[in-house]
Structures are given as structure tokens and as C-alpha cells.
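In: kindly return the folded structure for what I paste below:
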Amino acid sequence: MAKQPYVIVVLEDDPLVNSTVKSVLEESYSEVHVFSDAKEAIETIDDLRPDLLLLDIFLGHYNGLEILQELRDNGHQVPVIMMTAFSDIRMAVRAMRLGAEDFIVKPLDLEQLELTVERALEKYELKRQVDVLSERLETEQPDEVIGVSDGIKAALEVSRIVANADTTALILGETGTGKELFARYIHKNSQRSKGPFITINCGAIPKELAENELFGYEKGAFTGATEKVKQGRFEQAHRGTILLDEVGELGLDLQVKLLRVLQERKYYRLGGLKEISVDVRVIAATNQNLERLVEEGKFREDLYYRLNVATIDLPSLRNRTEDIIPIASSFIKEFNSKFSKSITGFTPEAVNILQNYYWKGNIRELRNVIERVMLLESQSVISKESLAFLKPSSTPASLQMQLQKQKPIELESGEHLLHVSKEGALWNNVVKDLILQTLKITEGNQIQAAKVLNISRAKLRYRIEQLNIKVTNNFTSTEE
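Out: Alright, predicted model coming up:
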């Protein structure tokens, strides 16, 4: 049977007890460290980051109760099991009042020892999960990825590979395409699935508070820092996964500290003097072009390469029209339960509206639309009248149909058509005209235009800015 990935520290001044406990626990747990010197154990505990501490009450010149108190004062929430002789049971009870998890009596009953340790670790794991439960409930996002389109299948395949690799990942996609859902999918299917999943939106917190959120702080670090120790999101995610959503919003100074965490798995709390060690998988997500931010000096190149170990590209909803109705149907099921309704689906006309709407806000916008409709819907199916608020100007025909309609001449693969006046043509004007025509065909969709031109989206955006091309809201490209 595989050993459980827990770190256990034993602090006992009797070498025989240490040896016996280590031998028993090493059969079930990956790391068991024993100490007979209290000072050495206290100095090492930050680096070991134990999941459980077995602590003797009497340790020569040291007292186990004082050590427990010091650990709690320094912000350590590690569960502690006290080891005591029969005559010390009153002190063991005092220890539990100070926050000890349990106590066992010496001479040790090894079977009782194993059961007590197992019970304490189960309770500790449950507490860690409860600590992040409120965040999970707030998101109310399903764990299942819905879709049959080629783009979503490709993203799922990469996610499966990444889940097993325990490496850093970068998820790219427009706002509302499901980046957090894919991050949860990776976590759920990884070896870290029993650990916490922590999300932090880097663009939603003030820059001056970002370091506190990520790395925590110690008392006196700044005005108002009255807690002895405040854990940051990285500490909360220990042995789990942390999602850095909108990572492109991080300031350059914080990017340096994030890079160090990725490289060394260590950092300092704000105002702290001791390094904190963490075992965390980092998943970053963004709707921005990080390559362009690197070129503009707004994002560190070394951090970009460190994050970009495995990239998952999520397609926009308008480019996966075959997935719209299955996703919308899942939202019907969700809101049937929430609003106590029994809506069964859509009329054909409603299906047509949903499949041809542009969905600028992607899945998030679709969810909001279904929620709005179902709140007011009195029929058993959603009709086109229920979707009348989706303005026709925002519902162009499918992109593929438009591509076919606007091709004036059919050309073979590799062929091009170019008309040059007698006066000739400037190179930049030719490139600008080519981009303008392509954007007109794709109704301003830069992702599709880049594919047609066989260049990267970053290069296309660079040319658009360089040549002062403006893409208007009605998806027709014009010059500024």
C-alpha cells in the first residue's frame, strides 16, 4: 500500500520511544522526523511544515505546554498530540485547552498510537477543506466540462496530460470561457486532488494588498496588522493547487517574488524574518496576451517562460456553436432546482437565436441569459419571445457562413490576388489593406483573422496597433 503524503514530527527526549514511533509510523506515512532536542525541533519546524506533531510534555529543560503555546503564538496550526505518563494526565488536559488535538499515555500502545494519528490527520484534512469551502460555494461552478467541439476536446486532452504531470500550467482564453473550471478539472484529476484548491483574482485586489493576499503577513508589518500571523493564499494551498487568475495584472515587483516561489518553493511573509516553505502547484490564467506584455516591459520574460510550461487555449463560445445548447441545457437544470421550475428546453427558434448570438461574454454571459430568462419564464420551454432582449445587431450569422458569403473569388490553396496601381504601392499600405480585408471577412474576429493569415494572434495585434487599424464594435474594420 502506498504511503500517505504526510509529514510527521516527533519531539521526545527518550531515544527508545523515538525509534519505536518512527519505525511504526514510517510504514504508513512518507516522512517521519524525530527530535530529542526541543530547540533543534523548533528551529526546523518552519522548513519541515509538518502535518502532525507528537509532543512529549516533559523535555528536559523544556516544557511541552510552553512549546505548544509558542507554536500557536507563531501562527502554526499543525495538530499536536501530547505524549504523557499516567501521572501527567492533568497537564495533558491543560494542553488540549491550549489547542492540542489529543493525547496518548506512555508506555505507548502502538495500535492506539496509529489510530490516534490517523484520526488527527483525518480531522486536520477536513478542517483544511472546510477553510476553503466558502470560496467554492461562492463560485457555484460545476466540475464537469461540457462540450463536443474540436477546440474543447483539444483543451481537455492537454488538461488530462497536465493533471498527471504536476507542473505549472497557463490557461489562455477570453473572459468567461471557463478558465477556472479547467483549473479545477486539472486539480481534481491530479495527485493533489485531496488537497485544497485556492483561487485568487490578481486583477480584483488592490496592488498594495496583493502581497498580503498571496504571502500573508506578521504582526507589525504595516498599520493595522494586529494579528500575530496571517496566512497568505500560498500557505492555504499547501499540498494543493493555487489558481492565479488574471496573472497579467500583477505588478512587476510582485512578479519577482512570484518567480522566486515558483523556482524555490520558499518565500517570506510580509514583515517576517523566517522563510516559509510550500508545496503548491501553480496554475495561471489570463485573457491578456502575455507575449505582448513582455514586449512592452509590463511582464517579466523569465516569469512568462516559467508559467508557460504547458499552455491550454480555450476557444470562445462563438467558435464552438455546437456546445451552446448542451451548456445552456445544463444551466436549465441548475436553475430549475434554484427556482423550483420544470423547464424542459428550447423551441427551434430559440435554439437558432442562441447559436447565432455573438456571446461576447462567452459562457458567463450565456449563464446570465439563461438565469434571467428562467426567472421570468412561465412556459415549459424557452421560446424566441423569451430571448427578445438579445438584440439582432448582436446576433450576426455564423462566422463560417459569413466567410463563405464574402469571398468574391475562389482561389486555390497558396494562390493570392493583388491589384497594384501604376504608381506602385507602399509595403505598409499593402499589409494594412490585407489585414483590413481579412478583418472584414471575419467580422473583426482577430483570432479567426490570425488563422486565415497563418500568423500568431500576438503578431496580428502588433500589426493592428502599428498600422493604426481600428476594429469597431459592429465588427467592421476601419482605419483610424
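In: and the longest helix for the chain?
Out: helix 110-131 (DSSP state H).
In: report the buried residues of the helix or strand where residue 324 lies.
Out: For residue 324, the host element (DSSP states H and E) is helix 324-339. Neighbour-count burial for helix 324-339 flags 324, 327, 328, 329, 331, 332, 334, 335 (criterion: 16 or more other CB atoms under 10 Å). The way it works is simple: take the backbone N, C-alpha and C, and place the C-beta from them, glycine included.
In: what's next to the longest helix of the chain, contact-wise?
Out: 4, 6, 8, 20-21, 24-25, 28, 51-52, 54, 78-79, 81, 101-102, 104, 194-196, 236 (CB atoms under 8 Å, 6 or more residues apart in numbering).
In: could I get the CA-only coordinates of it as PDB?
Out: The C-alpha trace of helix 110-131 is given here as PDB (Å, rounded to 0.1, in the frame of the first residue of the first chain):
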ATOM      1  CA  LEU A 110       1.300   1.100  19.300                       C
ATOM      2  CA  GLU A 111      -2.200   0.200  18.000                       C
ATOM      3  CA  GLN A 112      -3.700   3.200  19.800                       C
ATOM      4  CA  LEU A 113      -0.900   5.400  18.600                       C
ATOM      5  CA  GLU A 114      -1.700   4.500  14.900                       C
ATOM      6  CA  LEU A 115      -5.400   5.100  15.400                       C
ATOM      7  CA  THR A 116      -4.900   8.400  17.200                       C
ATOM      8  CA  VAL A 117      -2.500   9.700  14.500                       C
ATOM      9  CA  GLU A 118      -4.900   8.600  11.700                       C
ATOM     10  CA  ARG A 119      -7.800  10.300  13.400                       C
ATOM     11  CA  ALA A 120      -5.900  13.500  13.900                       C
ATOM     12  CA  LEU A 121      -4.800  13.700  10.300                       C
ATOM     13  CA  GLU A 122      -8.300  13.000   9.000                       C
ATOM     14  CA  LYS A 123      -9.700  15.800  11.200                       C
ATOM     15  CA  TYR A 124      -6.800  18.100  10.000                       C
ATOM     16  CA  GLU A 125      -7.600  17.400   6.400                       C
ATOM     17  CA  LEU A 126     -11.300  18.000   6.900                       C
ATOM     18  CA  LYS A 127     -10.500  21.400   8.600                       C
ATOM     19  CA  ARG A 128      -8.300  22.400   5.600                       C
ATOM     20  CA  GLN A 129     -11.200  21.600   3.200                       C
ATOM     21  CA  VAL A 130     -13.700  23.500   5.300                       C
ATOM     22  CA  ASP A 131     -11.500  26.500   5.300                       C
END
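In: what about that helix, distance to the chain center?
Out: Between the centre of helix 110-131 and the centre of its chain there are 27 Å (CA atoms, centre = their mean, to the nearest Å).
In: just the buried residues of that helix, please?
Out: Here helix 110-131 shows 113, 116, 117, 120, 121, 124, 125, 128 as buried, counting by 16+ other CB under 10 Å.
In: which one of these sits closest to residue 249?
Out: Residue 249 lies nearest to residue 128 out of the buried residues of helix 110-131, by CB to CB, at 27.6 Å.
In: would you mind measuring from that closest one to residue 195?
Out: 8 Å (CB to CB, to the nearest Å).
In: part of a strand, is residue 253?
Out: No: with DSSP: H, G, I helix; E, B strand; the rest coil as the criterion, residue 253 is assigned helix and is not in a strand.
In: burial of it, as a residue count?
Out: 10 (other CB atoms under 10 Å).
In: kindly report the same for residue 75.
Out: 18.
In: likewise for residue 36?
Out: The number of residues near residue 36, taken as other CB under 10 Å, comes to 17.
In: equivalent analysis for the one 4 residues further on, please.
Out: Burial measure for residue 40: 11 neighbouring residues, criterion other CB under 10 Å.
In: who's residue 217 bridged to?
Out: residue 230, residue 270 (DSSP bridges).
In: the chain should start at 13 in everything you say after this.
Out: From this message on, residue numbering opens at 13, which makes the last subject residue 229.
In: pLDDT wise, what is it at?
Out: pLDDT for residue 229: 84.
In: so residue 60 sits against residue 21, correct?
Out: Yes: in this structure, residue 60 is within contact of residue 21 by CB atoms under 8 Å, at 6.0 Å.
In: which one of those two is surrounded by more residues?
Out: Between residue 60 and residue 21, counted using other CB under 10 Å, residue 21 has the larger neighbour count: 22 against 17.
In: that one belongs to a strand, doesn't it?
Out: Yes: assessed by three-state DSSP, residue 21 belongs to a strand.
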